[in-house]
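Student: Sequence and predicted structure are below.
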Amino acid sequence: MRLSHSRAVILMVAVTLMWSIAGVVTRQLEHAQRFEVTFWRSLFNVLALLLILPLVQGRAVYANMRHGGRALWVSGVCWSVMFTAFMVAIMLTTVANVLVTMALGPLFTALIARVFLGHRIATRTWLAIVVAGLGIAWMYGSQLGHAPLVGTLVALCVPLAGSINWTVVQRSQAQGHTIDLVPSVLIGALISVLTTLPLAFPFRASGADLGWLALLGVVQLAIPCVLAVRCARVLKAPEVALLALLEVIFGILLAWLGAGERPAPQVLAGGALVIGALVFNELLGWKEQNA
């Protein structure tokens, strides 16, 4: 059943809320460490998708994956980098640092698409890139000489991999080949499981930890990824980009209220520049599309 525009907006807000629980849930873990956290989260994601995909797309989805071509597997590798880097970064630094850094994804996508696809970058987007860059520099500068900087640099891998992913998808579509992003999420989760398994030993997760990690794999990752793909078929790209920014706001608030993780003033100031630049750019882009 096709979603109406208003229902797609509401559903996308719910998706961002589900995405945003990662930080506060991770702070509830007792014994699980960095790569073990990633391993279990990705494994539960795989198990959930193996159940969800046949229900949503039919059993033929697995046969179609074998004929997805190189682009599907490149997309899967990008997803695996995002899954792994996100959880490692969350374990190394604050939720606010990770989420604000991830918000750079649309601007990185514009730059990479300009280099590899020849897409023209509008003046408004160049301005947004400069302002967002100043915001990130402000955040990074406040952390020089402190351990959280390492986590923020790891978090930077998430928007970079995401930008490469979207560029690969756009190039494939321009060549007449459509990539189904949900199966590529499954491939990415499988790669993440296999690559983090050797690094996850010795397993230290308690029963409570496994419950929290199952919540992340199913509710924070598998379900919202499937729903986001459905929303993207109804909403325009600027709308999706704007609504996705709610993850940053929800995530910081949940970590603050649910785990007592109050963001530093420099992070709030730098984050405000990044989010403001993105909102300005996407609103103008939306206006141009509707003109």
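Tutor: Nice, thanks for sending it over. Residues are numbered from 1 along each chain as shown.

Student: Next, count neighbours for T26.
Tutor: Look at T26: counted by other CB atoms under 10 Å, it has 21 neighbours. All C-beta atoms are positioned from the backbone trio N, CA, C, and that covers glycine.

Student: err, V234, not the other one
Tutor: Neighbour tally, V234, other CB under 10 Å: 18.

Student: Do me a favour and get the backbone dihedrals for the residue lying closest to it once chain neighbours are set aside.
Tutor: Counting by CB to CB, 6 or more residues apart in numbering, A8 is the residue found nearest to V234 once chain neighbours are left out, at 4.0 Å. For A8, the backbone dihedrals (degrees, to the nearest 10) come out as phi -70, psi -40.

Student: With H119 instead?
Tutor: Torsion angles, degrees, to the nearest 10, at H119: phi -70, psi 140.

Student: L104 now?
Tutor: With angles defined as degrees, to the nearest 10, L104 sits at phi -70, psi -10.

Student: dump the residue contacts of it.
Tutor: Contact analysis of L104 by CB atoms under 8 Å, 6 or more residues apart in numbering lists 132, 136, 156, 159, 274.

Student: now, which of the residues you listed sits nearest N281?
Tutor: Within the contacts of L104, the smallest distance to N281 is 8.8 Å, found for A132 (CB to CB).

Student: Does anything pack onto whichever strand or helix holds that closest one? Which helices or strands?
Tutor: Using DSSP states H and E, A132 falls within helix 123-143. Helix 123-143 sits against helix 95-102, helix 105-116, helix 148-155, helix 265-290, with contacts defined as 3 or more CB pairs under 8 Å, 6 or more residues apart in numbering; DSSP states H and E.

Student: Measure how that helix sits relative to helix 265-290, angle-wise.
Tutor: 170 degrees (axes from the mean of the first three to the mean of the last three CA atoms, to 10 degrees).

Student: between helix 123-143 and helix 105-116, how many degrees?
Tutor: Angle of helix 123-143 versus helix 105-116, following the same axes, to 10 degrees, is 120 degrees.

Student: Centre of the chain to helix 123-143, how far?
Tutor: 19 Å (CA atoms, centre = their mean, to the nearest Å).

Student: buried set for it?
Tutor: Buried residues in helix 123-143, counted by 16 or more other CB atoms under 10 Å: 124-125, 128-129, 131-132, 135-136, 138-140, 142-143.

Student: pLDDT on it, on average?
Tutor: For helix 123-143, the mean pLDDT works out to 79.

Student: And the contacts of that helix?
Tutor: Here helix 123-143 has contacts from 97, 100-101, 103-104, 107, 110-111, 121, 149, 152, 264, 266-267, 269-274, 276-278, 280-281, 284-285, using CB under 8 Å, 6+ apart.

Student: Can you turn the buried subset of those into a selection I can paste into ChimeraX?
Tutor: To isolate the buried members of the contacts of helix 123-143 in ChimeraX, using 16+ other CB under 10 Å:
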select :97,100,101,103,104,107,110,111,149,152,267,270,271,273,274,277,278,281,284,285
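
Student: name the helices or strands packed onto the helix or strand of the chain with the lowest mean pLDDT?
Tutor: The weakest-scoring helix or strand in the chain, judged by mean pLDDT, DSSP states H and E, is helix 60-66 (a mean of 74). Helix 60-66 is packed against helix 34-57, helix 181-200, with contacts defined by 3+ CB pairs under 8 Å, 6+ apart.

Student: How about residues contacting it?
Tutor: With CB under 8 Å, 6+ apart as the contact definition, helix 60-66 has outside contacts at 53-54, 72, 180, 182-183, 186-187.

Student: ChimeraX command for the buried members of the residues you listed?
Tutor: Here is the ChimeraX selection string for the buried members of the contacts of helix 60-66, based on 16+ other CB under 10 Å:
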select :53,72,180,182,183,186,187
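
Student: follow-up on the earlier one: and the pLDDT for the residue nearest to V234?
Tutor: Confidence score, pLDDT, at A8: 87.

Student: any idea how far R114 is from it?
Tutor: 29 Å (CB to CB, to the nearest Å).

Student: the more surrounded of those two?
Tutor: A8 (21 against 15).

Student: In this structure the more buried one contacts V240, no?
Tutor: No. Counting by CB atoms under 8 Å, A8 does not reach V240; the two are 9.3 Å apart.
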